[in-house]
Each structure stands twice: as structure tokens, then as C-alpha cells.
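Engineer: my questions concern the predicted model and sequence given below.
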Amino acid sequence: MELDLGAVRAFLAVVDDGQFTAASDRLGMTQQAVSKRIARLEADLGVALLTRARTGAEPTEDGAAFLPHARALIGLADQAAGMFRVRRRALRIDALARASAPIDIVRDFYETGDTDVDLVVSRGALSRRTALADGSVDAAFGRVTGPLPPGVRRIPAWLEPIPILVGRRHRLARRRRVALPELSGLTAWMPGNARDTEWAEFYDFLSADFGVRIDTSGPVFGADHIMEKIAASPDLITFANKTQFPGYPDVVEITVTDPVPVYPWSLMWHEGNRHPSLPLLIDHVGDHYRPFAPRTQWIPAPDHPLFPTGP
């Protein structure tokens, strides 16, 4: 006996919705077509699966016994079909932010390989745990701030140097480099640092270690507003680069050294993801990673175990 998966799917829809009308709407079929499919399934199995009444439908004792097997059948069928859909679509990667190192990593991966890429810039709006688990994204870049969710794997991806921007009236404006300890006592105005984000925590650690005050006050009215305020101030700085804020001649970029603050990017993915291009991305990122140099670079102490040092 061969079961019609369409009939099994119709049976599940009626059980889940409790009514033939709602099930037919969800399946995009007429109520008569749904009834015929379930009648055929009952005939094939030789048992009544549903009790029909004016108020709706519910599974019989045999229907309840068949229900877990029906769900397993449809689950396997969807999984099998999904495997081939995944192979046909582009590799979906969340780079988290524009004008950041992951953008360059993904661009290099795309240009040097033969993989279609769908780039997502979520700014943390996506739940990484959910997106990786359900396949909304195949891989995601970000800073790991705690235990990884079940099934999620990671590798160190990049340590991105972070300079500062100051206005031309600032006392540091003529400097090409500044040692990180010299920033102690200064205020870095960063209104885009939403609390409880992975990057806000990064700057909290930096503030605690080097005495830089992080000011997140004020709404974000856009890049022009931030750069106008930095350009006009003889005191404020902000941690950013000119790639993030191009076209502002009254703002200068200064390299921070001794140590260089670097943002610790990881690449994350779910172990159950079977996209054929995902291993290629993982290998590409691993091949281009350069180890953490604790004598010249700074990352928060909790990140040290995740970013091994070089020989």
C-alpha cells in the first residue's frame, strides 16, 4: 500500500485547525477536495481517522494513533524536499553591520569562489539562535558573548582594528596615531550603541580597562548628525572609521595603538545545516584568520579563550 502524502497533509491540516473549512483555506484547496483526500486515505488504511460534526472535526482513536506517524511522514518528506531547495539557493550570510570586516570577508569569498551569496545586514534585529536553527540564515558573523545555543558551532573569523574619529578642533586631530591609554578620561560619543548588544558590551569592557567614558545618550538622527557633533567638538571622540562615515572633511581618523583595540568577529553556523557552500565559507574564513597577538592587541578578557594566540 502506498500512502498519498497530499492526503496525509490534508489529514494533519484538519486535525491542527479543527475544521475542514480552515484546513482547506490553509491548503489552498476547496473543502470538497480536502474531504475527498481524507476519504481516500481512510479507505487506503481501512479505518476512520476523523469524527465529523457541525462544530468541526477531531481524530478518532485510530486517527490519534496514526497522528504521530503522519507527522513523521510529512516531516521526512519536507526535509527531503528542503535538502534540494537548499542546494539551489544562494548561501545566506548575516554580516551584522555594513562597513565592517565581515562585509570584506564575504566579498572576497564571493569574488574568489563560485558561490552565490545572499548578504543580510541584520544589525542584531534577527535572533541568531533562531535564524541559524531554522535556516533563515546559513551563517552569521558576530561577537560571542556567552555559551553557544545547542547545535551552533563557531570559529574565530577576524580581529578588526578600531580607530577613532575626532574633529579638527580636537587636541588629537594632528596626530596620526594615539596610544589607547592616552584616551583615558576622554568621552566617546556613540549614540548607536544600543544597550545589551554584543558591541555595547565590548565598549563597556574597553571603558573599564582604559578609562574611556562611553556616552550613548541621545537619539540617532543619522550619520550627518553624529559627524556634525564630532566635528564641532574639541573634546568628543567616537570609535569608528572613515569607511563607516565617508565624506566628512572636518573629521579625521586616528589609528589607535599600544595596544590596538580589535573587534573579535566569529563565524557561526548550525551543525544541521546542509548547504553545500557552507563548508567552503568555513574553510575560507579559517584560512584567512590571523591569530590574536596579546602583546599588541586588546580584546575583552572573556573573548581570550575564543581567539587563540599565534606561535
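Structural biologist: Thanks, I have it. Numbering: from 1, shown residues only.
Engineer: average pLDDT across stretch 162-174?
Structural biologist: Computed over stretch 162-174, the mean pLDDT rounds to 96.
Engineer: make 196 the starting number, not 1.
Structural biologist: Taking 196 as the first residue, the last one we looked at is stretch 357-369.
Engineer: in it, what's buried?
Structural biologist: By neighbour count with 16 or more other Cβ atoms under 10 Å, stretch 357-369 contains the buried residues Ile357, Pro358, Ile359, Leu360, Val361, Gly362, His365, Leu367. To be clear about C-beta, it is placed using only N, CA and C from the backbone, and glycine gets the same treatment.
Engineer: which residues does it contact?
Structural biologist: 373, 378, 383, 422, 425-437, 440, 445-451, 455-458 (Cβ atoms under 8 Å, 6 or more residues apart in numbering).
Engineer: narrow these to those in helices?
Structural biologist: Met422, Ile425, Ala426, Ala427 (DSSP state H).
Engineer: follow-up on the earlier one: ok, so of the buried residues of stretch 357-369, who is nearest Ser472?
Structural biologist: Ile357 (30.3 Å; Cβ to Cβ).
Engineer: now that closest one: how far from Ile494?
Structural biologist: 11 Å (Cβ to Cβ, to the nearest Å).
Engineer: list residues touching both of these two?
Structural biologist: If you check Ile357 and Ile494 against Cβ under 8 Å, 6+ apart, the residues they both contact are Pro456, Val457, Tyr458.
Engineer: please name the nearest non-neighbouring residue to the second one.
Structural biologist: Nearest-residue entry for Val457: Leu354, 3.9 Å, with adjacent residues in sequence omitted and distances by Cβ to Cβ, 6 or more residues apart in numbering.
Engineer: so the one you found touches Asp498, yeah?
Structural biologist: No. Between Leu354 and Asp498 there is no contact, the gap being 9.6 Å when judged by Cβ atoms under 8 Å.
Engineer: residues shared between the contacts of the two?
Structural biologist: Counting by Cβ under 8 Å, 6+ apart, the residues touching both Leu354 and Asp498 are Pro459.
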